[in-house]
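Participant: any chance you could fold what I've pasted below:
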Amino acid sequence: MKKNKTAVIVISLFLVFFVVLVCYLKLSNYESREDYLFLYRNGIPEEPEDIELNTSTVFLGEENKSQFNIHPYIAYFNNTYYVIWSSGLEFEDSYGQVIRYSTSTDGYNWSDDKILAEVQDDKGYYIARGIFILDDTLYALAAYIESSPTWDNLRLCCFELVDEEWSESAVFNIENCMNNYPPREYQDTLYLTCRDQDWNISIASSRDDGVHFHIEKVLDSGDYNEPLLYFDYAGNMHMILRDESMTNYLYEIHSTDKGLTWSVPIRTNYSDATSKTYIGRLSNSIYYLINNPYQIRDPLCISFSFNGVVFDHLHVINASAPPFRFEGKPERGQGFQYPHALEHDDKLHIVYSRNKEDILVTEMEISTIQDIIYDTLN
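Facilitator: Below you'll find the predicted structure:
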């Protein structure tokens, strides 16, 4: 009888050990294998790594003229860098807000600003929504709104650069659409995320000249905002979501069938200050993610990934923002925020707002990024 009891105990212990071992292997493998999970490996560190970077000033807000400046985007066209952004007289998303732009031939010294688009009456205002090249033409996107926060008469407008002058274009005009970044192309299809007047989130896709779009709703209105769409190494679609319920984490959904069906929103372990996130992919196939990974919008940081689903190597882009120069800014406005980025001339050019007052660009050498990643593998 004793031998039987001993045998049962041994077998039971073996089974427990086997189950624990399988679970451990599955969990550890899940984090390292190329899968659809989106996360920061081992959780965001308490402090990011510092690195020496060059930063230039694109625009400084002026009192009682252009105090509010945010939503910057950057592109390179005909040997010139272009940065566009939303610029308001005093407060965020107020009547008369315009789209400004500045140019540079070296990405560091910037021209005086000019107005790209402005509302001709007192009804509404513009919000910058992206700048990009399509068929050898430079386009700028702007959302037109007639009230805030209800987004009355919302529509996405498009402007194109012709002979150094901006004019309205017939492409990328979508009713009731607030996109978040320029369109992303995958297998000859252009994709945009849209939020409508009720904050429902959709995907707009176009297979022709940017005039006709198929719009498919992805999420009902709720706690999610500012969706970011990108494609991982295997062509699966991911949408990163800002969480307005203030959990201070990014949420993620994904699709393995080109947007026909989507997973439910899941909270990732990638922390966020409830701000805007940007993800891109370099020409060397390395992914990068830019956001505010702590409780406030300072510092602005960047991390990297080989597969677009597991990120690591967190580094500071900019930190320790100065006090506001103008009165009336919301508390969450202080810091470095709302990034967009462009790879050109062996550099990653990262544009963002400081304190919602100024527009800056920070340069990061591609060779530096490669050193950061590959040194940790040796």
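Participant: mind listing what the residue positioned nearest the centre of the chain touches?
Facilitator: The centroid of the chain falls nearest to Tyr278 when counting by Cα atoms, centre = their mean (2.1 Å). By Cβ atoms under 8 Å, 6 or more residues apart in numbering, Tyr278 lies in contact with Tyr181, Leu228, Leu289, Ile290, Asn291, Pro339, His340, Ala341. The way it works is simple: take the backbone N, C-alpha and C, and place the C-beta from them, glycine included.
Participant: at 10 Å what do you get?
Facilitator: 73, 180-181, 228, 230, 240, 288-291, 302, 338-341, 350-352 (Cβ atoms under 10 Å, 6 or more residues apart in numbering).
Participant: ok, now how distant is it from Ile286?
Facilitator: To Ile286, Tyr278 is 15 Å away according to Cβ to Cβ, to the nearest Å.
Participant: just the element for Gln370, please.
Facilitator: helix 366-375 (DSSP states H and E).
Participant: list the helices and strands that helix packs on?
Facilitator: strand 300-305, strand 310-318, strand 336-344, strand 347-354 (3 or more Cβ pairs under 10 Å, 6 or more residues apart in numbering; DSSP states H and E).
Participant: which strands and helices lie in contact with the one helix or strand Leu116 maps to?
Facilitator: Per DSSP H and E: Leu116 is located in strand 114-117. When contacts are defined as 3+ Cβ pairs under 10 Å, 6+ apart, strand 114-117 sits against strand 80-88, strand 98-104, strand 125-134, strand 137-145, strand 155-162, strand 165-168.
Participant: tell me which strands that strand pairs with, and in which orientation.
Facilitator: According to DSSP bridges, strand 114-117 has the following sheet partners: strand 98-104 (antiparallel).
Participant: report the angle between the strand it pairs with and strand 137-145.
Facilitator: Strand 98-104 runs at 150 degrees relative to strand 137-145, counting by axes from the mean of the first three to the mean of the last three Cα atoms, to 10 degrees.
Participant: for strand 98-104, C-alpha coordinates in CSV please.
Facilitator: Presented in CSV, the C-alpha positions along strand 98-104 are these (Å, rounded to 0.1, in the frame of the first residue of the first chain):
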residue,chain,number,x,y,z
VAL,A,98,-5.4,77.2,-39.3
ILE,A,99,-2.9,74.8,-40.9
ARG,A,100,0.6,76.2,-41.0
TYR,A,101,3.7,74.8,-42.7
SER,A,102,7.5,75.4,-42.8
THR,A,103,10.2,74.0,-45.1
SER,A,104,13.9,73.1,-44.9
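Participant: pLDDT of it, averaged?
Facilitator: Here strand 98-104 scores 98 as its mean pLDDT.
Participant: report the angle between it and strand 80-88.
Facilitator: Going by the same axes, to 10 degrees, strand 98-104 makes 150 degrees with strand 80-88.
Participant: quick check: angle from strand 98-104 to strand 125-134?
Facilitator: 40 degrees.
Participant: what residues sit buried inside strand 98-104?
Facilitator: Within strand 98-104, the residues that qualify as buried are Val98, Ile99, Arg100, Tyr101, Ser102, Thr103, Ser104, counting by 16 or more other Cβ atoms under 10 Å.
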